[in-house]
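Chemist: make a model of this:
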Amino acid sequence: MRPVIEIAVKKIQRGLGTLLIDIDGTLTDTPNTHYGWATPDESVIAIVNELYDRGNCIKIFSSRGSSSGIDQRPMTINQLKDWGVNYHELIMNKPSHDLHVDDATITAEELLCII
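Modeler: Here you go, the predicted model:
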C-alpha cells in the first residue's frame with residue numbers, strides 16, 4: 001500500500017477521515033446514464049454507513065448532469081434517502097471523465113478491507 005493511502009487508512013480507522021464517494025458504479029449499478037434506473041449496491045452502502053457511524057466525513061461526489069446540464073440533484077437526494085445512504089455533503093458537477101488519477105484513490109473493494 002502506498003504511504004499516502006496508509007496515512008488515510010489510519011485516519012479513517014480512527015473515524016477522522018474524509019471520503020469522497022461516487023454514486024454510479026460505486027454505490028449503485030447504473031445502466032449507462034439512466035440515473036432513474038440505478039439500483040443500490042447494499043453491501044457498499046453498508047460500508048459507507050459504517051464509516052459514517054464511526055465518525056468519518058462522507059461526501060458524495062457525482063458527475064450526474066455535468067455533461068447534459070440537467071439538474072440531477074433533486075432526484076439524487078431522493079435516491080440517497082430511499083437507499084439509506086448516510087452522508088454529510090452532496091457535491092454535484094464532478095467533471096465528466098474516463099479515469100480519475102489521484103494518489104489517494106482506492107476502489108470500493110479496497111475500502112471494505114480497511115474497516
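Chemist: only C-alpha atoms from now on, for both contacts and neighbour counts.
Modeler: Noted.
Chemist: what's the closest non-adjacent residue to the one residue sitting closest to the centre of the chain?
Modeler: Most central in the chain under C-alpha atoms, centre = their mean is Ile21, positioned 1.7 Å from the mean C-alpha point. Once flanking residues are discounted, Ile21 sits nearest to Ile60: 4.8 Å by C-alpha to C-alpha, 6 or more residues apart in numbering.
Chemist: does that neighbour touch Tyr87 like I think?
Modeler: Yes: the criterion here is C-alpha atoms under 8 Å, and Ile60 meets it with Tyr87 at 6.9 Å.
Chemist: and the residue nearest to Ile21, what's its pLDDT?
Modeler: With respect to pLDDT, Ile60 scores 97.
Chemist: helix, strand or coil: sort out it for me.
Modeler: strand (DSSP: H, G, I helix; E, B strand; the rest coil).
Chemist: show me the beta-bridge partners of it.
Modeler: Using DSSP bridges, the beta-bridge partners of Ile60 come out as Ile21, Leu90.
Chemist: what residues are up against it?
Modeler: Counting by C-alpha atoms under 8 Å, 6 or more residues apart in numbering, Ile60 touches 20-23, 87-91.
Chemist: go ahead and build a ChimeraX selection from the buried members of those.
Modeler: Per 16 or more other C-alpha atoms under 10 Å, the buried members of these correspond to this ChimeraX selection:
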select :21,22,23,87,90,91
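Chemist: I'm done for today, thanks for sticking with me.
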